[in-house]
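1. Sequence plus predicted model, see below.
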Amino acid sequence: MKEWSQRRIKALIAVALMLCGVLVSNAQSNEASQRLPDSPTPAERTIEGLNYLGGDAAMPPFSDSVIDVDSAFRNALFRKGLAFRVITGPQYTQNMLDPPVSAEEQVYVGQRAFESSFVQPILSSDLRQLHLQHAQLYMGGVWNWASWNPAGPKSLQLWALYFYKEIGNDRLEVKAGYIANNMNFVGLFVGGSTATGAQGVYAVLPYEAGMSYFPLTAPSFNVRIRGPENTYIKTAAQRSIDPNGGPAEVARNHTGFRFTPRGDKLVLINEGGYLRAASGDAHEAWFRAGAIYNTTPYRNETTGLLASGNYCAYALMDYQLLKSNREHPKQGLYAGGSFMTVPQTMNPYSRYYEARLYKKAPVRSRPDDVLSFVASRTGYSRIFTNNLVSEGKTVWRAGTTATGSYSLRASRGNYLSLGFSYVGGPAITPRVPNALNIVANWTLFF
């Protein structure tokens, strides 16, 4: 029965990949049939067509890199339809209220000095050799290291290997391959940029439900359709991440290439929303809501048996309250909120609430900086915590955070984020004291 289920997953994803090819070929043939004999040549390609495309979060442009966009290196690759970049950076977190504990006693990030580093090489191609327009082959690996593995995981593996195609003047976008979907769904990055964005401190509920996330990847077939009046819908059929978390995923899928590790089944992600970009006469607005459904068996803490049906439902909203620069309408003050829920029977973190206030370009002379304040509350599963209490352990029933941070563009391709985060109930068990963490992130884009 298990072998049959695995074959069914492989068949579904294979059909999805074939559908991608059919969509691309049909769209190209339809566009060709509608083109007049004396139609103009395609629009000139730019190097930004080789940047990360089709996601909720954006990477800085190639002009904002340590390596000059007009260098001989960039130009030589671009003439062949290629771009290569490397992203790297360390992170440091430390509780300021109490002395560090021993390694055996650590139960949350910052309880003892926490360091992590990553190196992320990326190669992309616009596939001009195949005479494709608005298409991309995106490939990336990652080395990720963390001083505390539960917050890692430590890995050296594939991060991305997928085909991207835009069809019908940006009305339809398709991605197929190995994808980290935390950059494609939900919208967790404050400010919408991987350079200055920060995720909610405990916004792990989508990952509990099996959605792939950095540095992990999984086979996935993604489709986004842009509707009228700034609306959109998007969906994904993805192979689940291991129900036991990131370290377990890496332990049995070291390279990231395994298509269907035993036991990992199908995850369906569906999202709909309204996204209006900031302009001279409109404020930016983004509402999105969706659900992640996982067919992989999870342990039900009530029955003690394995059962499918884990899910995550979510709704988020961000709105631009004030504009600070008429010439650059994206700059200004924003407010947002998030709500997420998962079944308490299958997940230790069961509810998530977040309120955020952030300012893009808080100083007029620094247009790429972001100042943010984020408050969150995570409800811990009553079923999990009751079981721990019955075993004689102490627990927190919920965790509350208040975080203030400033992300600055120190120089071209060089970003530094500094912040303080007060954490009440930093771990489910044991009931350790509250923490005040200092957090520092440094990211370099080559």
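-> Yes, it's here. Predicted model, so just to flag it, every value in this text is computed and none were measured.
2. So which residue is dead centre in the chain?
-> Asn182 (2.4 Å; CA atoms, centre = their mean).
3. pLDDT value on that residue, please?
-> You'll see Asn182 listed with a pLDDT of 94.
4. Surely it and Ala209 touch.
-> No: contact criterion CB atoms under 8 Å: Asn182 and Ala209 do not qualify, at 11.9 Å. The C-beta positions use only the backbone N, C-alpha and C, and glycine is treated the same way.
5. Quickly list what Ser155 is bridged to.
-> Asn144 (DSSP bridges).
6. Thought Asn253 was touching it, still the case?
-> No: the pair Ser155 / Asn253 is not scored as a contact, 9.5 Å apart, by CB under 8 Å.
7. okay, those two: which has more neighbours?
-> Ser155 (25 against 21; other CB atoms under 10 Å).
8. State whether the residue nearest to the centre of the chain is indeed within a strand.
-> No: remark: Asn182 does not belong to a strand; assigned using DSSP: H, G, I helix; E, B strand; the rest coil, it is helix.
9. Excluding chain neighbours, what is closest to it?
-> Tyr213 (3.8 Å; CB to CB, 6 or more residues apart in numbering).
10. What confidence value was assigned to that neighbour?
-> 94.
11. looking at this, it is in a helix?
-> No: counting by three-state DSSP, Tyr213 is located in no helix; its state is coil.
12. show me the contacts for it.
-> Ala180, Asn181, Asn182, Pro206, Tyr207, Ile241 (CB atoms under 8 Å, 6 or more residues apart in numbering).
13. make it 7 Å
-> Ala180, Asn182, Tyr207 (CB atoms under 7 Å, 6 or more residues apart in numbering).
14. Where does the residue lying closest to Pro150 once chain neighbours are set aside sit: helix, strand or coil?
-> With CB to CB, 6+ apart as the criterion, Pro150 has its nearest non-adjacent residue at 6.5 Å, and that residue is Pro247. When classified by three-state DSSP, Pro247 comes out as helix.
15. and Pro247, how many neighbours does it have?
-> 16.
16. where does the stretch 51-200 of the chain dip in pLDDT?
-> Residues of the stretch 51-200 of the chain meeting the criterion pLDDT under 70: 197-200.
17. Could you dump the contacts of Tyr213 into JSON lines with distance to Ser350 added?
-> Converted to JSON lines, the contacts of Tyr213 look like this (distance: CB to CB, whole Å):
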{"residue": "Ala180", "distance to Ser350": "24"}
{"residue": "Asn182", "distance to Ser350": "20"}
{"residue": "Tyr207", "distance to Ser350": "14"}
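18. what's the spacing between stretch 169-182 and its chain's center?
-> Mean-position distance between stretch 169-182 and its chain equals 13 Å (CA atoms, centre = their mean, to the nearest Å).
19. ok, residues contacting it?
-> 16-17, 20, 23, 54, 158-166, 188, 211-214, 216-226, 236, 238, 256, 269.
20. Among these, which lie within strands?
-> The members of the contacts of stretch 169-182 that map onto strands under DSSP state E are 158-166, 218-226, 236, 238, 269.
21. hang on, the earlier thing: just the contacts of Tyr213 now: which is nearest Pro99?
-> Of all the contacts of Tyr213, Tyr207 has the smallest distance to Pro99: 30.9 Å, by CB to CB.
22. which one is that closest one nearest to, not counting chain neighbours?
-> Nearest to Tyr207 is Tyr213, by CB to CB, 6+ apart, at 5.2 Å.
23. quick one, phi psi at that neighbour?
-> Main-chain torsions, Tyr213, degrees, to the nearest 10: phi -150, psi 160.
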